[in-house]
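*Asks:* mind looking at a prediction? Sequence and model below.
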Amino acid sequence: MKLRRGDILLFCIICLLILLLVILVYATEMIPTCMDVNAVQKGTALVRTCNNVSVQDTESINITARSNKPSIFIINYTGGTIPFGSAIGEICVNFTLLIENADTAIANGVNITFWKESSNDYFRIITEMDTFTSTYSTYKYCNNTIITTVNDANAFKVYFGLKGDATNSDDIFSFNYVRTNISYTATSSPTIDNVTINPTQSISENGVNNVTFSFFATDPDGVDNLDDTSARARFNITVGAITTINDAPCSWVADIGGTANYSCGINIWYWDANGTWTVNVSIADAGGNVAENRTANFALGVTGSIQIAPSAINFGTLYIEKSNNSATDDPILINNTGNLNVTVGNVRLKAIDLAGADTKTIGAGNFTVGISTGSNAECDWGNGATKMVNNTNTGITRAGLGRGNLSSASIALYQEQLYFCFFKKVPGYLTFQTYDTTAGGPWTIDII
């Protein structure tokens with residue numbers, strides 16, 4: 001028979017399709033290992049030997065089962081990792097029974113239990129099976145009612161218990177293998193690429209900045225297989241021991257050929273830490289297979305920003321030779337409305353000499369500033385208060401501003417209060433008049 005080139009091509013395609021169908025179904029093995037039966041059995045039977053078992057006929061497990069008492073060994077999963085997203089199917093226990101030494105009734109029964117350690121669930125597949133009557137026979141029992149996820153399948157165990165018959169003598173059994181096969185179907189997951197975001201971002205003072213961006217996703221089974229409602233994005237950054245996560249759902253925009261386009265928007269708050277943020281986007285398909293992409297990132301800049309109130313202070317009427325004159329309408333409250341973490345000593349005040357209507361002035365060095373009051377604390381420049389220097393940005397001792405949410409219960413960490421004092425004696429040369437910042441300029445508060 002002669003085959004044309006087209007016939008050969010068709011034959012090859014059919015073979016390829018068959019191959020693809022075959023490789024989607026896998027089986028893994030669980031190999032028995034020894035266990036201290038005193039910890040698991042409720043009888044006096046013993047496991048005589050427990051070899052590392054393979055499917056080779058030359059190796060076996062030998063078990064002594066006493067009259068009506070179970071001998072138990074546990075089968076740990078060692079068949080390799082089942083791929084994430086796989087659909088778990090039937091689980092089967094296979095064994096071939098050999099006999100080394102037994103009385104007339106070979107065995108009273110076998111007990112096989114699937115055990116899901118992650119939640120302490122179990123399912124007993126066989127309880128008090130009929131007496132073994134045939135040697136060199138292969139037994140296969142299948143079921144699965146509790147193993148539904150890949151994590152459970154990768155971690156579950158099987159208890160295999162063999163019970164002697166009712167006679168007084170012990171029964172010795174040999175198995176050439178006890179193997180558990182886990183059937184699963186590997187499914188194709190979506191793919192995410194082309195995450196597009198502005199690499200440089202900034203906060204909005206005392207507000208929120210919604211950062212918008214997009215990504216594209218494909219699926220081997222077509223874009224219609226993507227679950228649009230599962231599209232989600234997350235920003236995260238770790239500073240020291242603290243990880244901040246901002247996340248939000250994404251919306252389907254359009255399908256472009258075999259690619260789906262999604263748009264996302266996540267809020268960046270004024271207190272969010274500066275530095276490099278990781279962008280994590282994900283989407284699932286109709287089968288629950290999830291794709292993630294963490295390749296994109298952006299740099300969030302640092303913004304120093306404060307708001308103060310009130311905007312003026314007064315000292316009322318002062319009298320010659322009187323010292324420690326505190327302001328009458330302080331404190332000035334400072335709120336950190338940016339994402340600069342202001343360390344202690346980096347809240348600064350630039351004071352200016354106060355001038356009267358004539359040529360007389362009150363030097364800035366006569367004033368102190370502190371973060372507490374009572375017992376003239378704001379006047380004690382040797383014990384926590386800070387003496388001002390004319391026209392100089394002076395760091396205030398003990399004053400700092402953390403970054404954070406001013407609407408939270410921890411607001412005190414993100415605020416500072418300043419108290420003012422004319423600590424020196426009012427000099428006798430001063431004339432009775434108003435002294436203020438009209439001539440020299442305002443006092444200013446800043447942060448670094």
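*Replies:* Received, thanks.

*Asks:* please name the strands paired to whichever strand or helix holds residue 253 in the sheet, noting orientation.
*Replies:* When elements are assigned from DSSP states H and E, residue 253 belongs to strand 242-256. With DSSP bridges as the test, strand 242-256 is paired with strand 226-239 (antiparallel), strand 259-269 (antiparallel).

*Asks:* okay, the ones you listed in a markdown table with distance to residue 391 and mean neighbour count next?
*Replies:* For glycine as for every other residue, the C-beta is placed from the backbone atoms N, C-alpha and C. A markdown table is the format used below for the strands paired with strand 242-256 (distance: least, Cβ to Cβ, whole Å; neighbours: other Cβ atoms under 10 Å):
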| stretch | distance to residue 391 | mean neighbour count |
| --- | --- | --- |
| strand 226-239 | 36 | 18 |
| strand 259-269 | 36 | 18 |
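
*Asks:* which one of those strands lies closest to residue 348?
*Replies:* strand 226-239 (24.3 Å; Cβ to Cβ).

*Asks:* domain parsing for the chain?
*Replies:* 24-185, 191-299, 306-447 (automatic domain parsing).

*Asks:* where among those is the average confidence lowest?
*Replies:* With a mean of 58, domain 24-185 has the lowest mean pLDDT of the domains of the chain.

*Asks:* on that earlier part again, the strands paired with strand 242-256: which one's closest to residue 215?
*Replies:* Comparing those by their distance to residue 215 (Cβ to Cβ), the top pick is strand 259-269, with 5.6 Å.

*Asks:* which residues are contacting the next helix or strand after the closest one?
*Replies:* Following strand 259-269 in sequence order, the next helix or strand is strand 275-285 (DSSP H and E). Outside strand 275-285, the residues that touch it by Cβ atoms under 8 Å, 6 or more residues apart in numbering are 189-190, 192, 195, 197, 201, 213, 215, 217, 219, 221, 225-227, 230-237, 239, 250, 262, 264, 290-294, 296-300.

*Asks:* in contact with the residue nearest to residue 358 when sequence neighbours are not counted, which residues?
*Replies:* Spatial nearest neighbour of residue 358, excluding adjacent residues (Cβ to Cβ, 6 or more residues apart in numbering): residue 431 at 6.5 Å. Applying Cβ under 8 Å, 6+ apart to residue 431 gives the contacts 356, 358, 360.

*Asks:* among those, who's most crowded?
*Replies:* residue 356 (17 neighbours; other Cβ atoms under 10 Å).

*Asks:* next one: that residue from residue 442, what distance?
*Replies:* When distance is defined by Cβ to Cβ, to the nearest Å, residue 356 is 17 Å away from residue 442.

*Asks:* list the buried residues in stretch 424-440.
*Replies:* By neighbour count on 16 or more other Cβ atoms under 10 Å, the buried set for stretch 424-440 is 424, 426, 435, 440.

*Asks:* cool, stretch 333-343 as well?
*Replies:* The neighbour-count check on stretch 333-343 (16+ other Cβ under 10 Å) flags 334-342 as buried.

*Asks:* pull the contacting residues for residue 197.
*Replies:* 211, 213, 279, 296, 298.

*Asks:* just the element for the first one, please.
*Replies:* The secondary structure element spanning residue 211 is strand 208-218 (assigned by DSSP H and E).

*Asks:* tell me which other helices or strands that strand touches.
*Replies:* strand 191-196, strand 226-239, strand 242-256, strand 259-269, strand 275-285, strand 290-300 (3 or more Cβ pairs under 8 Å, 6 or more residues apart in numbering; DSSP states H and E).

*Asks:* dump the ones you listed to a markdown table, plus distance to residue 151.
*Replies:* As requested, those are exported to a markdown table (distance: least, Cβ to Cβ, whole Å):
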| stretch | distance to residue 151 |
| --- | --- |
| strand 191-196 | 23 |
| strand 226-239 | 19 |
| strand 242-256 | 23 |
| strand 259-269 | 28 |
| strand 275-285 | 16 |
| strand 290-300 | 13 |
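
*Asks:* now for those strands, which one comes closest to residue 152?
*Replies:* Proximity to residue 152 (Cβ to Cβ) singles out strand 290-300 among these, at 17.1 Å.

*Asks:* using PDB, list the CA coordinates for that closest one.
*Replies:* Below are the C-alpha coordinates for strand 290-300, written out as PDB (Å, rounded to 0.1, in the frame of the first residue of the first chain):
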ATOM      1  CA  VAL A 290      -4.100  29.900  39.000                       C
ATOM      2  CA  ALA A 291      -1.500  31.900  37.300                       C
ATOM      3  CA  GLU A 292       0.600  34.500  39.000                       C
ATOM      4  CA  ASN A 293       3.100  37.100  37.800                       C
ATOM      5  CA  ARG A 294       5.400  39.000  40.200                       C
ATOM      6  CA  THR A 295       7.900  40.400  37.700                       C
ATOM      7  CA  ALA A 296       6.800  44.000  37.800                       C
ATOM      8  CA  ASN A 297       7.600  46.600  40.500                       C
ATOM      9  CA  PHE A 298       7.600  50.400  41.000                       C
ATOM     10  CA  ALA A 299       9.500  52.900  43.200                       C
ATOM     11  CA  LEU A 300       7.400  54.900  45.600                       C
END
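
*Asks:* packing partners of that strand?
*Replies:* On a contact count with 3+ Cβ pairs under 8 Å, 6+ apart, strand 290-300 meets strand 191-196, strand 200-201, strand 208-218, strand 275-285.
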